[in-house]
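Engineer: When you get a sec, could you give me coordinates for this:
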Amino acid sequence: MFIPINRLLLVAGISTLLLAACKSDTGSETVTSSEPPVPVSLAKPGGGGNADLHFTGMIESSQTANISTRVMGFITRLSVKVGDHVNRGQLIANISATDIMAKRAQTDAMIAEAQAAVNNAQKDYERYQALFKQQSATAKELENMGLQYESMKARLDAAKQMRNEVNASLAYTQLTAPFSGVVTQKFVDEGSMANPGMPIVAIAQTGTLQVSAAVPESEISQVKMNMPVQVRVDAVNRQFKGNIVQLNPSSIGSGSQYIIKINIPAAEKKDLYAGMYATVAVATGQQQKSNANNILVPQSAIVNKDQLTGLYTVGANNIALLRWVRLGKTQGNAVEVISGLSKDESFIASADGKLYNGAPVKIK
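Structural biologist: The predicted structure follows:
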């Protein structure tokens, strides 16, 4: 019997579609019987949780200074740039001082004039003393000469104080480093106009790094001076212990945040730079009753995909199932699970291979 070719092709196409529909639609993660199971370890969530407090901080220098001037003038020389190391007393910048030099010349002239007047008044006073002894001058005339002599000396002292004031202003035209450190900021360039109080450069003292962290008002009562803390700096993948060496008792100007300072051991300062972010953990040594029903899992068990977070559990037939969860606060190396996992459910804590949704697993 003859069957048309187009009918044969139609039957073949339908058969192909039926065979494809019978396969499990699991995408690229389809499990085949030839895949060996991945050995995994199960764990149950931890409850309770300690009262450790966690704050975000930043590494900073314990001593910084903004170098500025109290006179107005053009910056004729700026001898440093950002990153330069400077020594105490090293020249940083020069400010034009033409007008101040003119004022100093005026005060020098005033001093010379006042000194001449003092010398003349002194001679007159001594002459009248001699005349008074010879009864050729009255006591009133001697007293007047004495008053004139004292007045001239007062004018001389005033002129000298004016010169001291000019010299003090002149000292602010040559700006020097108040301590040894490194230049962290440069606010102006050479040739700019310097104004009184305007910062020119910022210097941070080297070798005096510390961690500054902000504590909210709801937790400041649990933080005390000299408490031990654990500091983690992710930029250099390092953890170290420190102590609270300063606690600001006022939050005025910091938005209800209390600033604490933490020392950094000398052995841990290598490769640390001001501006690096740090996480500070303060152990209070108490158990939080309010967290008795918390569900805590290790952060290593959390899976991040796009903007979702989840963890693996073991389903029927020993296959891995990815379950999406909602996370809460981080407590040390553990994280709180708000929803998606019950307190009595087990999850995969570690695996000796790559896991994916539907992968065969073997419980160790």
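Engineer: Average pLDDT for stretch 42-59, rounded please.
Structural biologist: Stretch 42-59 comes out with an average pLDDT of 77.
Engineer: Could you tell me the end-to-end distance of it?
Structural biologist: Length of stretch 42-59, first residue to last, Cα to Cα, to the nearest Å: 39 Å.
Engineer: residues of it that come out buried?
Structural biologist: 42, 45, 49, 51, 52, 53, 54, 55, 57, 59 (16 or more other Cβ atoms under 10 Å). C-beta: built from backbone N, CA, C; applies to glycine.
Engineer: Leaving out the residues flanking it, which one is nearest to the last one?
Structural biologist: Setting aside the residues directly before and after it, residue 59 is nearest to residue 276 in space (Cβ to Cβ, 6 or more residues apart in numbering), at 4.6 Å.
Engineer: Helices along this protein, start to end?
Structural biologist: 5-22, 98-133, 139-171 (DSSP state H).
Engineer: Which stretch among these approaches residue 181 most closely?
Structural biologist: Set against residue 181 and scored by Cβ to Cβ, those come closest in helix 139-171, at 20.8 Å.
Engineer: Pull out the buried positions in the closest one.
Structural biologist: Of all the residues in helix 139-171, those buried under the rule 16+ other Cβ under 10 Å are 142, 145, 148-149, 152-153, 155-156, 159, 162-163, 166, 169-170.
Engineer: closest to residue 295 among the residues you listed?
Structural biologist: Distances from residue 295 to these, taken as Cβ to Cβ, are shortest for residue 169 (68.2 Å).
Engineer: residues contacting that closest one?
Structural biologist: 70, 71, 100 (Cβ atoms under 8 Å, 6 or more residues apart in numbering).
Engineer: ok, the second one touching residue 172?
Structural biologist: Yes. With contact defined as Cβ atoms under 8 Å, residue 71 and residue 172 form a contacting pair (5.1 Å).
Engineer: and the residue nearest to residue 59, how many residues sit next to it?
Structural biologist: By other Cβ atoms under 10 Å, 17 other residues sit near residue 276.
Engineer: Now do it against residue 232, distance only.
Structural biologist: 11 Å (Cβ to Cβ, to the nearest Å).
Engineer: repeat for residue 303
Structural biologist: Distance, residue 303 to residue 232, using Cβ to Cβ: 22 Å.
Engineer: ok, back up a step: which residues are in contact with each of residue 71 and residue 172?
Structural biologist: Taking Cβ under 8 Å, 6+ apart as the criterion, residue 71 and residue 172 both touch residue 95.
Engineer: For residue 282, which non-adjacent residue is spatially closest?
Structural biologist: Spatial nearest neighbour of residue 282, excluding adjacent residues (Cβ to Cβ, 6+ apart): residue 53 at 4.4 Å.
Engineer: Pipe the contacts of residue 169 into JSON lines and attach pLDDT and neighbour count per row.
Structural biologist: Converted to JSON lines, these look like this (pLDDT from 0 to 100; neighbours: other Cβ atoms under 10 Å):
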{"residue": "70", "pLDDT": "88", "neighbour count": "14"}
{"residue": "71", "pLDDT": "88", "neighbour count": "18"}
{"residue": "100", "pLDDT": "89", "neighbour count": "19"}
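Engineer: need those residues in CSV with distance to residue 346, can you?
Structural biologist: Formatted as CSV, the contacts of residue 169 follow (distance: Cβ to Cβ, whole Å):
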residue, distance to residue 346
70, 71
71, 74
100, 80
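Engineer: of all the residues you listed, which comes closest to residue 136?
Structural biologist: For the contacts of residue 169, the nearest to residue 136 is residue 100 (50.2 Å; Cβ to Cβ).
Engineer: which ones are touching that closest one?
Structural biologist: By Cβ under 8 Å, 6+ apart, the contact list for residue 100 reads 71, 166, 169, 170, 173.
Engineer: For stretch 351-358, buried residues please.
Structural biologist: Those buried within stretch 351-358 under the rule 16+ other Cβ under 10 Å are 351, 355, 357, 358.
Engineer: out of the residues you listed, who's nearest residue 324?
Structural biologist: Residue 324 lies nearest to residue 357 out of the buried residues of stretch 351-358, by Cβ to Cβ, at 10.8 Å.
Engineer: quick one: the strands in the stretch 201-350 of the chain?
Structural biologist: For the stretch 201-350 of the chain, the strands defined by DSSP state E, counting those that start in this stretch cover 209-216, 228-233, 238-247, 257-263, 277-282, 296-298, 303-305, 308-314, 320-324, 326-331, 334-339, 347-351.
Engineer: Would you confirm that residue 280 contacts residue 233?
Structural biologist: No. Counting by Cβ under 8 Å, residue 233 is not a contact partner of residue 280; they are 10.4 Å apart.
Engineer: Which neighbours do those two have in common?
Structural biologist: With Cβ under 8 Å, 6+ apart as the test, residue 280 and residue 233 reach no residue in common.
Engineer: returning to what we had before: redo the buried residues of helix 139-171 as CSV? Include pLDDT and distance to residue 324.
Structural biologist: Compiled in CSV, the buried residues of helix 139-171 are given as follows (pLDDT from 0 to 100; distance: Cβ to Cβ, whole Å):
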residue, pLDDT, distance to residue 324
142, 90, 107
145, 92, 103
148, 93, 99
149, 94, 98
152, 94, 94
153, 94, 91
155, 94, 89
156, 95, 89
159, 94, 84
162, 94, 79
163, 94, 79
166, 92, 75
169, 88, 69
170, 89, 71
